[in-house]
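Q: Just a sequence and a predicted model for now, questions to come.
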Amino acid sequence: MNIPDNLKYSKEHEWVRVEEGNIAYIGVTDFAQSELGELVYVEIDTIGETIAKDEVFGTVEAVKTTSELFMPLTAKVLEFNPALDESDGDNPGLINEDPYNEGWIVKVEIQDVAELESLMDAAAYGELTA
Amino acid sequence: MQKTSLYQKHVDLGAKMVPFAGFEMPVYYSNIREEHLAVRNGAGMFDVSHMGEFILKGKGALDLVQAISSNDASVMKIGDAQYTCIPNDDGGIVDDMIVYRLDEDKCSDGEKAFMLVVNASNIKKDWDWISSKNTFECTMTDISDHSGLLAVQGPQAVRLLQTLTQVDLTNVAFYKFTKGTIAGIENVLISGTGYTGSGGLELYVHNSNLEKLWDAIIAIDGITPVGLGARDTLRLEMGYCLYGNDIDDTTSPIEAGLSWITKLKKTADFSSKSIFKAQKKRGYQQKLVGFKVDDRRVPRQGYPIFDEDMNLIGKVTSGTSSPSLEVPIGMGYVNKALAKSGSKIKIQAGKKVLKAEVCKTPFVNTDS
């Protein structure tokens, strides 16, 4: 299972990559995509909204199951990956193929950078999914 | 947790194993969509050895089958298979199953023999139920633990399997069976049945031969291993009921669209026959229908179904994203007024309300 060192992880299997200042990218982990199976749709209906830590910011549909996406830390949703968006690239399979790069889900503005401390590093997340 | 004798084969093929009906079973090897399309367009093989098999034998074997089965087994000849359900006494369904009328080589004069193939999750419940109805001259044997079952399905399945046997497989018609040697294994029960709608065969063998048969078939170029994930999407595209989802102890076969296997005119009495007769006479209250969703969100079991004015009218029993149609599809019970094809319904998926339309099943037209 691929768990990059430069990311932070939530117990709900999302990853956070801080870009610059309080701007970050969020997606689901390799473990999560593998558990979900082939994704067929990603719905993000919270663009422009500030979502509290652990609250739902979207939904992913796999063939076999539906899963909600939980915000790893309080953040404002700035952008939905256009490559996944049904009105644009419409390719949710990118999450299966490349969960940490091309398959990022939302770009956000973190409200309280200190909340990053509450997330797991790669080693801790590796233990959670071992 | 039980394992079929192919457990290690599945793991070695990279299958994702999940608990299902008390067994560790492969849900997929590569992914559900690819495996689904392999069966629709070519051929795939499923290990379904978790299914239960009972042998009924004796002078009263037919009487017992007739007493527990909603279909009419009296019309079956040796070599026939028949889909049916086991009604309970309250108008619900104990299980659905396939009945095989076996040859009588090992029978004495006047005896008949049947094999009942039941859902893995219901083996004990079915056994207890059937035993409780066995007031006839009939011995029952549970052979589930040593019976292996491979479903080889798809438009190319018969042609590809033919390379392993002298038996003319094109002669094994839909819901007929024969016995023969495949891949050097004698006495394989070769059945023209399946749960995919894409044609093919199901092969019953003793567990001691299961690995050998699996190896011989998987070595054929063009036959893909397929997990239970695609088994579910394939059956759902055909509108086939899954016990525990679309039918259960509380659902009527009449309301589930299984009137065609509920033979109310058969001479023998069976559980709930009078209830089903009354339902048929006064008309059912609700009906199991198929629907297509006009959204990308996928309906799932348990989601509530509403009419256009948001009155609750039923619930989703099965749902998936159809790999063939690339739209979300599902089945569920709705009240009679909205059971007609073309009726507009709404489905609640979390906070979102999805538009859907009742449609005819099968959702997908296959040639077989």
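A: Looks like it arrived, so ask away. Treat the numbers as computed from the prediction; the structure is a model and nothing was measured.
Q: and the closest residue to residue B:303 other than its chain neighbours, backbone torsions?
A: With sequence-adjacent residues excluded and distances taken as Cβ to Cβ, 6 or more residues apart in numbering or on different chains, residue B:303 is closest to residue B:316, at 4.3 Å. Any C-beta I mention is one placed from the backbone N, CA and C, and that applies to glycine too. Note on residue B:316: backbone dihedrals following degrees, to the nearest 10 are phi -70, psi 130.
Q: Now do the same for residue B:316: its pLDDT.
A: For residue B:316, the pLDDT comes out at 98.
Q: any idea how far it is from chain A?
A: 12 Å (Cβ to the nearest Cβ, to the nearest Å).
Q: Quick check: beta-bridge partners of that residue?
A: Taking DSSP bridges, one obtains residue B:332 as the residues bridged to residue B:316.
Q: Confirm for me that it is in contact with residue B:298.
A: No - between residue B:316 and residue B:298 there is no contact under Cβ atoms under 8 Å: 10.0 Å.
Q: With neighbour numbers in mind, choose between these two.
A: Per other Cβ atoms under 10 Å in any protein chain shown, whichever of residue B:316 and residue B:298 has more neighbours is residue B:298, with 28 against 25.
Q: show me the contacts for the more buried one.
A: Residue B:298 sits next to A:40-41, A:61, A:66, B:319-321, B:328, B:330, B:349 when contact means Cβ atoms under 8 Å, 6 or more residues apart in numbering or on different chains.
Q: Chain neighbours aside, what residue packs nearest to residue B:156?
A: residue B:43 (4.2 Å).
Q: Give me the distance between the most centrally placed residue in chain A and chain B.
A: Geometric centre of chain A, nearest residue: residue A:27, 2.1 Å, by Cα atoms, centre = their mean. Look at residue A:27 and chain B: by Cβ to the nearest Cβ, they are 19 Å apart.
Q: so that residue sits in a strand?
A: Yes - under DSSP: H, G, I helix; E, B strand; the rest coil, residue A:27 falls within a strand.
Q: Help me confirm that it comes into contact with residue A:104.
A: Yes - with contact defined as Cβ under 8 Å, residue A:27 counts as touching residue A:104 (4.5 Å).
Q: As a check, name the ranges of all helices in the chain.
A: In the absence of a named chain, this looks at chain A. Using DSSP state H, the helices of chain A run over residues A:30-36, A:93-97, A:122-128.
Q: You answered for a different chain; I wanted chain B.
A: B:7-12, B:32-41, B:61-68, B:123-132, B:157-161, B:210-218, B:228-238, B:273-282.
Q: Distance of residue B:29 relative to chain A?
A: With distances taken as Cβ to the nearest Cβ, residue B:29 is found 12 Å from chain A.
Q: Actually, residue B:227.
A: Remark: distance between residue B:227 and chain A (Cβ to the nearest Cβ) = 10 Å.
Q: before we move on, what about residue B:305?
A: For residue B:305, the distance to chain A equals 16 Å [Cβ to the nearest Cβ].
Q: Repeat that for residue B:240.
A: Distance of residue B:240 to chain A, computed by Cβ to the nearest Cβ: 17 Å.
Q: give me every residue that touches the spatially closest residue to that residue that is not a sequence neighbour.
A: Spatially, and ignoring its direct neighbours in sequence, residue B:240 is nearest to residue B:195 (6.2 Å; Cβ to Cβ, 6+ apart). Contact analysis of residue B:195 by Cβ under 8 Å, 6+ apart lists B:151, B:153, B:231, B:234-235, B:240.
Q: Dump those residues to JSON lines, plus pLDDT and distance to residue B:117.
A: Output for the contacts of residue B:195, formatted as JSON lines (pLDDT from 0 to 100; distance: Cβ to Cβ, whole Å):
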{"residue": "B:151", "pLDDT": "98", "distance to residue B:117": "11"}
{"residue": "B:153", "pLDDT": "98", "distance to residue B:117": "16"}
{"residue": "B:231", "pLDDT": "98", "distance to residue B:117": "15"}
{"residue": "B:234", "pLDDT": "98", "distance to residue B:117": "18"}
{"residue": "B:235", "pLDDT": "98", "distance to residue B:117": "15"}
{"residue": "B:240", "pLDDT": "98", "distance to residue B:117": "15"}
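Q: low-confidence ranges in the stretch 51-200 of chain B?
A: Along the stretch 51-200 of chain B, the model assigns pLDDT under 70 to no residue.
Q: Tell me the residue of it that sits nearest chain A?
A: Going by Cβ to the nearest Cβ, chain A is nearest to residue B:196 of the stretch 51-200 of chain B, at 15.6 Å.
Q: May I see the contacts of residue B:298 organised as CSV, with pLDDT, distance to residue B:109 and neighbour count added?
A: Converted to CSV, those look like this (pLDDT from 0 to 100; distance: Cβ to Cβ, whole Å; neighbours: other Cβ atoms under 10 Å in any protein chain shown):
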residue, pLDDT, distance to residue B:109, neighbour count
A:40, 95, 59, 23
A:41, 96, 63, 19
A:61, 96, 60, 24
A:66, 95, 58, 20
B:319, 98, 52, 26
B:320, 97, 51, 27
B:321, 96, 55, 26
B:328, 97, 57, 26
B:330, 98, 52, 26
B:349, 96, 61, 22
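Q: Closest one of those to residue A:23?
A: When those are compared for distance to residue A:23 (Cβ to Cβ), residue A:41 wins out at 26.1 Å.
Q: Return the residues in contact with the residue in the stretch 151-300 of chain B that chain A sits nearest to.
A: Here the stretch 151-300 of chain B gets closest to chain A at one residue, residue B:296, 4.1 Å apart by Cβ to the nearest Cβ. By Cβ under 8 Å, 6+ apart, the contact list for residue B:296 reads A:40-41, A:43, A:61, A:86, B:328.
Q: Please name the residues that touch residue A:83.
A: By Cβ under 8 Å, 6+ apart, the neighbours of residue A:83 are A:89, A:91, A:94, A:102.
Q: rewinding a little: any idea what the residue nearest to the centre of chain A is bridged to?
A: Here residue A:27, judged by DSSP bridges, has bridge partners residue A:15.
Q: what bridges to the closest residue to residue B:203 other than its chain neighbours?
A: Closest residue in space to residue B:203, ignoring its immediate chain neighbours: residue B:150 at 4.8 Å, by Cβ to Cβ, 6+ apart. Following DSSP bridges, residue B:150 is listed with bridge partners residue B:47, residue B:203.
Q: quick one: residue B:150 and residue B:349, what's the gap?
A: 36 Å (Cβ to Cβ, to the nearest Å).
Q: got a pLDDT number for residue B:368?
A: Checking the pLDDT column for residue B:368, the value is 54.
Q: still on that earlier bit, pipe the contacts of residue B:298 into CSV and attach distance to residue B:21 per row.
A: CSV is the format used below for the contacts of residue B:298 (distance: Cβ to Cβ, whole Å):
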residue, distance to residue B:21
A:40, 26
A:41, 29
A:61, 25
A:66, 22
B:319, 20
B:320, 19
B:321, 23
B:328, 26
B:330, 22
B:349, 27
